[in-house]
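Peer 1: Prediction below, plus the sequence it came from.
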Amino acid sequence: MADLFVSRSLEEIRFWSRIMKEHSFFLRLGFRCEDTQLINEATQFYRTFEAIEQKALSFPEETDPATIYAFNQEVHTAVSHIWVFKRKVLGLILTCRLPGQTNFPLLVDHVSREARYFRNRLEELNQGKLEPLPDAIIDENVFFLRIMADHAKFIGHLLDPSERKLVDQARDFSHDFDQLLYQARDMDSMRPQSQTVPLLNQFLDQNRVSVASLKDFKKTARDLIEQCKIKSIIHPLLADHVFREAERFLEIIELFERSLTGISSSNRVLHH
Ligand SMILES: [Fe+2]
Ligand SMILES: [Fe+2]
């Protein structure tokens, strides 16, 4: 029988190592051509995460858990290093030492938050302790709603200003997700009293509807960019990247909704 620890670890690494690889690519695109040291570092991270991705894809589901435990540690080290690199780049940008480079500071902060998230997931997997469902629901939503709100802002700012309709739509999504993020933070501060089945159900339901519509918007944008039908400075891979992240958030919400239904039908107490 396939080991849950093995399949969860491989699934997580397959998704996020590709994301880390693409972050290296986006960072490199934004550097100035004279910043050869930074370009080399980014290229090195690209290779590291590509190798990790290939390795994760090649491990069969029957792999010995001890092998995966060691692999998780190896990936953890690589993720810690790319996090340090991203924070270093953020520092250089914010102290105006890379004038003219083209990655927004918020984007660099954003990709570092994604690295930290991935690193935490690897720690949780290896320590074998998963958060209780009601805590996971709030924490994952606080994390991903901010990620979604950022994406809407990046899209809005990287579209050509002449794409007025799309820029407006992106701004609406940004506002919508900022509001959802505040609601999620309110649920967070009202813990544990806010962790009832009806409140969490409603919370997930509302978030799912907005994420589904943002996902559709990103898909449309991605297709338009790939077909060269709109004016922007968005790389097609970036458009696909943010689409995949929305897809993942949606899957996580749906998984939570199924787990909550299981809990309410068995009348388990949520508070812990
Ligand atoms: Fe990302
Ligand atoms: Fe992202």
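Peer 2: Nice, thanks for sending it over. Residues are numbered from 1 along each chain as shown. Ligands and ions are numbered 1, 2, ... in the order given.

Peer 1: show me what contacts the residue lying closest to Glu226 once chain neighbours are set aside?
Peer 2: The shortest distance from Glu226 to any non-neighbouring residue, by CB to CB, 6 or more residues apart in numbering, is to Pro236 (5.1 Å). Glycine gets a C-beta too; all of them are placed from N, C-alpha and C. Going by CB atoms under 8 Å, 6 or more residues apart in numbering, Pro236 touches Arg222, Ile225, Glu226.

Peer 1: Buried ones among these?
Peer 2: Those of these that meet the buried threshold are Arg222, Ile225, by 16 or more other CB atoms under 10 Å.

Peer 1: Turn the contacts of Pro236 into TSV, including pLDDT, secondary structure and distance to His110.
Peer 2: Compiled in TSV, the contacts of Pro236 are given as follows (pLDDT from 0 to 100; DSSP: H, G, I helix; E, B strand; the rest coil; distance: CB to CB, whole Å):
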residue	pLDDT	secondary structure	distance to His110
Arg222	98	helix	18
Ile225	98	helix	19
Glu226	97	helix	23
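
Peer 1: for the contacts of Pro236, which one is nearest ligand 1?
Peer 2: Lowest distance from ligand 1 to the contacts of Pro236 (CB to the ion) belongs to Arg222, with 14.1 Å.

Peer 1: mind giving me the domain ranges of the chain?
Peer 2: Domain ranges of the chain: 1-130, 131-264, per the TED database.

Peer 1: Near ligand 1, which residues of the protein? Just list them.
Peer 2: Selection of the chain residues close to ligand 1 by CB under 5 Å from the ion yields Ile19, Glu114.

Peer 1: hang on, Leu90 packs against Pro105?
Peer 2: Yes - at 6.2 Å, Leu90 counts as touching Pro105 under the criterion of CB atoms under 8 Å.

Peer 1: More neighbours: the two, which one.
Peer 2: Leu90 (18 against 12; other CB atoms under 10 Å).

Peer 1: A strand includes Arg191, no?
Peer 2: No - Arg191: not assigned to a strand; according to DSSP: H, G, I helix; E, B strand; the rest coil it is coil.

Peer 1: Tell me where the stretch 101-250 of the chain has helices.
Peer 2: Using DSSP state H, counting those that start in this stretch, the helices of the stretch 101-250 of the chain run over 105-127, 133-158, 164-189, 197-226, 236-266.

Peer 1: Buried residues, the third one. List them.
Peer 2: By neighbour count on 16+ other CB under 10 Å, the buried set for helix 164-189 is 166-167, 169-170, 173-174, 176-178, 180-181, 183-184, 187.

Peer 1: next one: the longest one
Peer 2: For helix 236-266, burial by neighbour count (16+ other CB under 10 Å) applies to 238-250, 252-253, 256-257, 260.

Peer 1: cool, and the first one?
Peer 2: With burial defined by 16+ other CB under 10 Å, the residues of helix 105-127 counted as buried are 107-119, 121-122, 125-126.

Peer 1: Centre of the chain to that helix, how far?
Peer 2: 8 Å (CA atoms, centre = their mean, to the nearest Å).

Peer 1: what do you get for the fourth one?
Peer 2: Relative to its chain's centre, helix 197-226 lies at 14 Å (CA atoms, centre = their mean).

Peer 1: That helix vs helix 133-158, what angle?
Peer 2: When axes from the mean of the first three to the mean of the last three CA atoms, to 10 degrees is applied, the directions of helix 197-226 and helix 133-158 differ by 30 degrees.

Peer 1: and helix 197-226, which residues are buried?
Peer 2: Residues 197, 200-201, 203-204, 207-208, 210-212, 214-215, 217-218, 221-222, 224-225 are the ones in helix 197-226 that count as buried (16+ other CB under 10 Å).
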